[in-house]
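Q: Build the 3D model from these lines:
(one chain, ligands or ions: 2)
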Amino acid sequence: MNTNTVWHNATITRAHRERLNVHRSAVLWFTGLSGSGKSTLAHAVEEKLYQLGCRTFVLDGDNVRQGLCSDLGFSVEDRSENIRRISEAARLLVESGVIAMTAFISPFRADRQKARSIFPHGDFIEIFCEASLAVCEQRDVKGLYKRARTGEVKEFTGISSPYEAPATPELIVRTGELELEDCVAQVIEFMERRDIFKRKPQLRGSASHHNAKDLSHLSIDVVKE
Ligand SMILES: Nc1ncnc2c1ncn2[C@@H]1O[C@H](COP(=O)(O)OS(=O)(=O)O)[C@@H](OP(=O)(O)O)[C@H]1O
Ligand SMILES: Nc1ncnc2c1ncn2[C@@H]1O[C@H](COP(=O)(O)OP(=O)(O)O)[C@@H](O)[C@H]1O
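A: Residues are numbered from 1 along each chain as shown. Ligands and ions are numbered 1, 2, ... in the order given. As a prediction, the model looks like this:
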């Protein structure tokens, strides 16, 4: 731990950046088993938020483990450190005025609680992607469950390493049963209720016919105060 440092207070703060944006910043912390739909949902929510004129960034498990956390494995200690680093990265994003989304299994309650504790009250929104082990294993998006069952992949969440479901998350999304678009709507609705959007941005053009993969035609009128 470095004790010979002094915190520098910036003149431009999160509040300034939030005023410039049309929304508050916060972190949407998606948690759930491998294959439960964290990445799919986070990116789909991001597309929707982009259409609404929000500034966003998704920190995704596999990507972060190829860079920031490439030295970490899947022991209890390494997962803990993984979540600590990600929560710090998300904190910087939130400070920058962005709506941050994290898509990590984050299997341990204590680690998620620690992550929550570094954010101001109300800014950490824990979203449980609820899908049963049977559904996730049936999906087996990356073929890892099969390899975990044979013992080739060790300490695999849900098979040979525990997943502690959140007791009181801000939101439970039944990603194992519902259609993706219904899950996205649930998250967006929750954010609106939490006043993360202070007003509805006005969209020019035919947003209702918007193709989620081609965002180039969207023109956004942002009404600033
Ligand atoms: N042993 C073991 N257990 C769980 N997951 C494993 C393991 N080995 C590799 N993978 C792949 O790594 C992804 C999970 O990484 P995370 O950083 O989200 O895990 S954790 O939060 O630190 O527990 C996870 O991605 P997702 O399927 O997107 O969750 C897997 O693809
Ligand atoms: N409601 C839903 N929400 C998210 N993903 C879903 C949903 N319904 C089906 N899926 C599918 O489940 C899989 C989830 O994979 P992924 O997003 O990689 O999960 P995770 O990031 O939790 O490992 C994808 O193939 C996705 O298309």
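Q: list the buried ones in the biggest helix by length in the chain?
A: Across the chain, the longest stretch assigned as helix under DSSP state H is helix 76-95. Using 16 or more other Cβ atoms under 10 Å as the test for burial, helix 76-95 gives 79-80, 82-83, 86-87, 89-91, 93-94. Using the backbone N, CA and C atoms, a C-beta is placed for each residue, glycine as well.
Q: TSV for the residues you listed, including distance to Asp140 and pLDDT?
A: Shown next, in TSV, are the buried residues of helix 76-95 (distance: Cβ to Cβ, whole Å; pLDDT from 0 to 100):
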residue	distance to Asp140	pLDDT
Arg79	21	98
Ser80	26	98
Asn82	22	97
Ile83	24	98
Ile86	24	98
Ser87	29	98
Ala89	29	98
Ala90	28	98
Arg91	33	98
Leu93	31	97
Val94	34	97
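Q: Return the closest of those residues with respect to Arg55.
A: Checking these against Arg55 by Cβ to Cβ gives Leu93 as the nearest, at 9.5 Å.
Q: OK, contacts around that closest one?
A: 25, 27, 57, 59, 100 (Cβ atoms under 8 Å, 6 or more residues apart in numbering).
Q: Which of the residues you listed are buried? Put it as a PyMOL command.
A: Typed into PyMOL, the line below selects the buried ones among the contacts of Leu93, using 16+ other Cβ under 10 Å:
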select buried, resi 25+27+59+100
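Q: picking up where we left off before, following element in sequence after the longest helix of the chain, please.
A: Using DSSP states H and E, the helix or strand that follows helix 76-95 in sequence is strand 99-103.
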